[in-house]
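In: Generate coordinates for the sequence data below:
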Amino acid sequence: MVFIGLIVLLTMLVFGMPVAFALGISGMVGLYTIGGLPMVEGILRTVSLSTTASYELLTIPMFILMAEFIIVSRIANELFDSAKAWMGRTPAGLAIATALAGAGFGAISGSSTASAATLSATTIPAMLESKYNPRFASGVVAISGPLAMLIPPSIALILYGLIADISIGKLLIAGVVPGLLVTCVIILTSILLVTIYPHFAPAGRAYTMSEKFRSLKVIGPMVILITLVTGCIYLGIATPTESASLGAFGAFCIAFFRGRLTLATFYSALRKAAATSCMIVLIIICAHIFSYYFTLTGVTQALVSMVGDLDVDRWVILALMIILYLVLGCFMDQIAILFLTVPVTLPIMMSLGYDPFWFGVIVIITAEIGLVTPPIGLNVFVVAAYSNVKVQDIFIGVFPHVITHILVIILLSIFPAIVTWLPETVR
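Out: Prediction:
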């Protein structure tokens, strides 16, 4: 019964069926093999309401709307210019500025694809104009985009929290320190590459102190918005849903007072946010249909028992899990990976004593790597579409960052407190 549903699912994904429909159809086929048409009809009558009745689900459309208003405000260009003013003269200065802009934009967008597209249009032309190596420049942009998956507000972390049924507020806070760590690793990797290959990144021009401090005025609204969202969650002033609503309103104000908001851009932001939200909610509904099928087969409980009976160290299981996610990330959409694997892998990891918040961060970082590794590498194709750099050159340029990201996963596995200490202090 398990293999029937999985074969149907994988076949549809291979032939390009949208993730939501592939999950829903394969789940219904599996349910039909178990209980026939009455079981399928019974679950279809209730699954939509039971799945979407969650109050925390409102977090997703609000954060997406916040991202759309931020894109309308075009603040990403100014973020890069500000970082360039402070770091442009240093070795790999524009690459460092790109990583900082990626972290800043990720902290107010939550969308990896939107972050990669915005950075590509903003930073790659500036680096190529400064005679940066195209592979090096595009590699930094490709790896900086996925920071939005880790730094709150992260749509991926919210989806993981919904699947795992754990506190979304604590989970978002858990992404703060690893997000800063990954940002520093991207910067250090860029500096190391330029130290080894100086021709990759010529030194930029120097900026006066007045120019540097004048550039800080641009990032003021962004700092306030980040504080409004993350700070309220951390201090317990507001729930993640309320903080997301405050963030959407704050982003609306930024776009309005910057003179970027018109009726046309306002409508466009609402339409895009609604379309993206509907897509995610449809995936959640269909994933629940598939999870009903998986639960009724008893495969999750069987796997947990089987792993518990294995005579191997729990670190071996962790290593196998990480390898599994790295391989899946090369071929599958990240949202699909979350909904397909977390209901099975999380109970196994928790039975071995691993923290669910820590495991969520590990899964997201491996998903980041999947976004820049062949053959799919969605962010690589996004960067290629917004620049004149070839896809194969971007894959080559991003490879050193993939290695250092794997080292980050190893570090977080050895010292899980890097992830867990901050959410433990949340009120």
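In: got the residue ranges for the strands in the stretch 51-200 of the chain?
Out: Using DSSP state E, counting those that start in this stretch, no strands are found in the stretch 51-200 of the chain.
In: low-scoring stretches of it, by residue?
Out: 76-77, 88, 109-111 (pLDDT under 70).
In: repeat for the stretch 251-400 of the chain
Out: Across the stretch 251-400 of the chain (using pLDDT under 70), the flagged ranges come out as 299-301, 303-304, 308, 331, 333, 376.
In: what about the helices in it?
Out: Here the stretch 251-400 of the chain has its helices, by DSSP state H, counting those that start in this stretch, at 263-297, 299-309, 314-329, 334-351, 356-370, 378-385, 391-414.
In: tell me the most buried of those?
Out: Ranked by mean neighbour count, these are led by helix 356-370 with a mean of 24 (mean count of other Cβ atoms under 10 Å). In short, each C-beta sits where N, CA and C put it, glycine included.
In: Relative to the whole chain's centre, how far out is that helix?
Out: 9 Å (Cα atoms, centre = their mean, to the nearest Å).
In: quick check: angle from that helix to helix 391-414?
Out: 160 degrees (axes from the mean of the first three to the mean of the last three Cα atoms, to 10 degrees).
In: what helices or strands is helix 356-370 leaning on?
Out: Under the contact criterion of 3 or more Cβ pairs under 8 Å, 6 or more residues apart in numbering; DSSP states H and E, helix 356-370 touches helix 155-164, helix 168-174, helix 176-196, helix 314-329, helix 334-351, helix 391-414, helix 417-424.
In: what's the longest one in contact with?
Out: Yep, that's helix 391-414 we're talking about. Residues from elsewhere that reach helix 391-414, judged by Cβ atoms under 8 Å, 6 or more residues apart in numbering: 133-140, 142-143, 178, 181-182, 185-186, 188-189, 193, 315, 318, 322, 326, 358, 361-362, 365-366, 368-369, 372-374, 377, 380-381, 383-384, 418-419.
In: ok so, going back, can the helices and strands packed on helix 356-370 go into JSON lines with extra columns for distance to Ser215?
Out: Formatted as JSON lines, the helices and strands packed on helix 356-370 follow (distance: least, Cβ to Cβ, whole Å):
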{"stretch": "helix 155-164", "distance to Ser215": "29"}
{"stretch": "helix 168-174", "distance to Ser215": "28"}
{"stretch": "helix 176-196", "distance to Ser215": "19"}
{"stretch": "helix 314-329", "distance to Ser215": "36"}
{"stretch": "helix 334-351", "distance to Ser215": "34"}
{"stretch": "helix 391-414", "distance to Ser215": "26"}
{"stretch": "helix 417-424", "distance to Ser215": "29"}
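In: so which of the helices of the stretch 251-400 of the chain comes closest to Leu37?
Out: helix 263-297 (14.3 Å; Cβ to Cβ).
In: Check which helices and strands that closest one sits against.
Out: Packed next to helix 263-297, using 3+ Cβ pairs under 8 Å, 6+ apart, are helix 2-14, helix 19-52, helix 59-73, helix 155-164, helix 334-351.
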